[in-house]
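> Can you look at this prediction? I've put the sequence above it.
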Amino acid sequence: MYNQSVDVFPSIVIGPDKTIVPQGPFAEAQAQYLDPDPEAVRTLADSLLKANMGIVAHYYMDVELQGVLTAVQRSSPELSNRIGIADSLKMGDIAVEMCKTDNVQAVACLGVDFMSESVAAIMDRNGFGHIPVYRATANPIGCSLAESAERDAYRAWLDTEKQNEKALHVVYINTSLETKAVSASVVPTITCTSSNVLQTILQASAQVGPELKILFGPDTYMGHNLQSFFKRIVDSWDDERIASDLHPSHNKQTLTQLLEKMNVFPQGNCVVHHMFGNNVVETVKKDYDDAFVTAHLEVPGEMFAIGMEKSLSGNGVVGSTSDILKFITKKVHEAATSDEDLKKRLKFILGTEAGMVTSIVKSVQDILQKTGSNVEAEIVFPVASDAVMGVDDENLSVVPGAGGGEGCSTAGGCATCPFMKMNDLDAVQDIIDMVDSGSSEVILKSHLPPDRLKGKKIDGVSATELGVEPIMFMRDFMTNKKISEALLKKVNQGVMD
């Protein structure tokens, strides 16, 4: 059993000389793998080179696995480009780069199934479709958020809301290719990440005008948080600040019009971020007022509101995993390079999956080592301190929800993703060994990403091409900072269809 009291959250204190001090059982469970077993590092490094493979992994990977991967990456120049830990979009770019620079013969993708599917699609678009992408397990690795967009209710929502409107569907990148393909066949669609969603919506509204209807899904919390953010800006900023700090083509009136035409899918949530609820928020307010607050855009509104208020004064950040890492890194660097010679401890509430701590520790230690500073950074996990409990299941080592898993409680929140944790060190080693030994095609095929769209067409168009189209629209936006003419044409045609 676990203690549901959350008067004091568990934390990890990162100090000079690579010191790490965990506080509370949950933090101890996270910290024990930050300094990995040297033998495990050597074994993985040797076998990765022998098999001529690369690895891309999401920030939410198991802490033990991330610790080993980070150590392997640093162990030799030969391996520095063969391992990448990033968010779901960047994983594909890193895979393409290792194909170019290291000529790898296969890539292991450590994440949930839609991530391996996306990595394979991006590699294919860049001329590396012949390089196989393997998952660490032959079992399906689902995602509660992605699956919410694969139900009939999602298409029905799109069909209903697009009627007689200039509509643009902004779909979260954390969805399957099938969802993107079906969506693109129903309504003009562009993908977004939690890093670029705000500017995607603002730019689309600016280019099309106040008549544009934004359909955002499937993440309900993220959509509602964006609406809350826009409302907070309208209520507290003047036109001049909106134009200078948010978007040059917007003001209070245009943001109000945008809000009126923005519709959010009502039934999609991530099981991890779903658990950052009222009890966590009350403890943050009462006992951690001096802390910086980081909140992923997917967390419930109560947690997001604290992060948003803090962000407006420079004491917090709301956004993606990358945004959170950049914010913590920036604050630590500022403190480490300031003229003050006092020992200082910066405190950060980590409002996202606990697996992020590996990358945070690495970045903070690098800063402290380079600057020689005696600054400390305390990473606070907003969960019940004693909420550590395993389960007996050969596929899931943890289960989300109250009374059900590592880092989860009704009082404390759920800080680890059970689906991501299906990728463990043994599974990774196994897939590398299978590639190296030339295991049977049947066995390796079971580790390939889902291929539900192969050979299928939607309204006479390749389903795979339709699935990739929203991603390419997003990449065009990220490159040119504006919505492409091809997508605008589809939006304008939608009213006439």
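Arrived safely.
> residue ranges with poor pLDDT in this protein?
By pLDDT under 70, the weakly predicted segments of the chain are 1-7, 268-278, 341-342, 384-418, 495-497.
> In the stretch 101-250 of the chain, what residue spans correspond to helices?
Taking DSSP state H, counting those that start in this stretch to define them, one finds helices in the stretch 101-250 of the chain at 113-125, 144-148, 152-161, 177-186, 197-208, 220-236, 239-241.
> Quick one: closest of these to residue 382.
For residue 382, the closest of the helices of the stretch 101-250 of the chain is helix 220-236, at 15.4 Å, according to C-beta to C-beta. C-beta here means a position set from N, CA and C on the backbone, and glycine is covered the same way.
> hmm, back to that, put together JSON lines for the helices of the stretch 101-250 of the chain, with mean neighbour count on each row.
As requested, these are exported to JSON lines (neighbours: other C-beta atoms under 10 Å):
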{"stretch": "helix 113-125", "mean neighbour count": "23"}
{"stretch": "helix 144-148", "mean neighbour count": "21"}
{"stretch": "helix 152-161", "mean neighbour count": "16"}
{"stretch": "helix 177-186", "mean neighbour count": "24"}
{"stretch": "helix 197-208", "mean neighbour count": "20"}
{"stretch": "helix 220-236", "mean neighbour count": "19"}
{"stretch": "helix 239-241", "mean neighbour count": "11"}
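> just so I know, which of these lies nearest residue 138?
Evaluated with C-beta to C-beta, the helices of the stretch 101-250 of the chain place helix 113-125 nearest to residue 138, the distance being 11.5 Å.
> For that closest one, name the packing helices and strands.
Where contact means 3 or more C-beta pairs under 8 Å, 6 or more residues apart in numbering; DSSP states H and E, helix 113-125 is packed against helix 88-102, strand 106-110, strand 133-135, helix 177-186, helix 463-480.
> For the residue lying closest to residue 184 once chain neighbours are set aside, give me its contacts.
Nearest non-adjacent residue to residue 184, counting by C-beta to C-beta, 6 or more residues apart in numbering: residue 466, 4.7 Å away. By C-beta atoms under 8 Å, 6 or more residues apart in numbering, residue 466 lies in contact with 180, 181, 184, 185, 458.
> Also residue 327?
Residues near residue 327 by C-beta under 8 Å, 6+ apart: 292, 294, 316, 317.
> Include distance to residue 100 and secondary structure when you put those residues into a markdown table, please.
A markdown table is the format used below for the contacts of residue 327 (distance: C-beta to C-beta, whole Å; DSSP: H, G, I helix; E, B strand; the rest coil):
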| residue | distance to residue 100 | secondary structure |
| --- | --- | --- |
| 292 | 38 | strand |
| 294 | 33 | strand |
| 316 | 38 | strand |
| 317 | 32 | strand |
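> So which of those residues is surrounded by the most neighbours?
residue 294 (28 neighbours; other C-beta atoms under 10 Å).
> pretty sure it is touching residue 353, no?
No: counting by C-beta atoms under 8 Å, residue 294 stays clear of residue 353, with 11.7 Å between them.
> Now the helices and strands packed on helix 113-125 in CSV, please, with extra columns for distance to residue 46.
Shown next, in CSV, are the helices and strands packed on helix 113-125 (distance: least, C-beta to C-beta, whole Å):
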stretch, distance to residue 46
helix 88-102, 16
strand 106-110, 15
strand 133-135, 19
helix 177-186, 35
helix 463-480, 35
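> of the ones you listed, which approaches residue 194 most closely?
Closest of the helices and strands packed on helix 113-125 to residue 194 is helix 88-102, at 9.6 Å (criterion: C-beta to C-beta).
> roughly how far out does the closest one sit from the chain middle?
On the basis of C-alpha atoms, centre = their mean, to the nearest Å, helix 88-102 sits 17 Å off its chain's mean C-alpha point.
> Stretch 298-317 now?
So, by C-alpha atoms, centre = their mean, the centroid of stretch 298-317 is 17 Å from its chain's centroid.
> Also stretch 153-173?
Worked out by C-alpha atoms, centre = their mean, stretch 153-173 lies 23 Å from the chain centre.
> Span of it from start to end?
Stretch 153-173 has an end-to-end distance of 19 Å (criterion: C-alpha to C-alpha, to the nearest Å).
> quick one: the residue nearest to residue 184 from residue 319, how far?
29 Å (C-beta to C-beta, to the nearest Å).
> Just the strands from the stretch 201-350 of the chain, written as ranges.
Counting by DSSP state E, counting those that start in this stretch, the stretch 201-350 of the chain has strands at residues 212-217, 262-264, 292-296, 316-319, 345-351.
> what's the closest of these to residue 67?
Between the strands of the stretch 201-350 of the chain, strand 345-351 lies closest to residue 67; by C-beta to C-beta that is 16.9 Å.
> Just want the angle from that closest one to strand 292-296.
20 degrees (axes from the mean of the first three to the mean of the last three C-alpha atoms, to 10 degrees).
> Contacts made by strand 345-351 with the rest, please.
With contact meaning C-beta under 8 Å, 6+ apart, strand 345-351 is reached by 9, 11, 13, 276, 284, 288, 290-296, 299, 303, 307, 324, 328, 331-332, 335, 356-357, 360, 375-382, 415.
> what comes into contact with the helix or strand that that strand is followed by?
Going down the chain from strand 345-351, the next helix or strand is helix 357-371, by DSSP states H and E. Contact partners of helix 357-371, identified using C-beta under 8 Å, 6+ apart, comprise 12, 14-16, 18, 20, 30, 34, 59, 61, 63, 66-67, 70, 85, 325, 328-329, 332-333, 336-337, 350, 373, 375, 377, 379, 381.
> Over to stretch 289-298?
For stretch 289-298, the external contacting residues (C-beta under 8 Å, 6+ apart) are 145, 194, 197, 219, 221-222, 225-226, 269-270, 273, 276, 284, 303-304, 306-308, 310-311, 315-321, 324, 327-328, 331, 346-353, 380.
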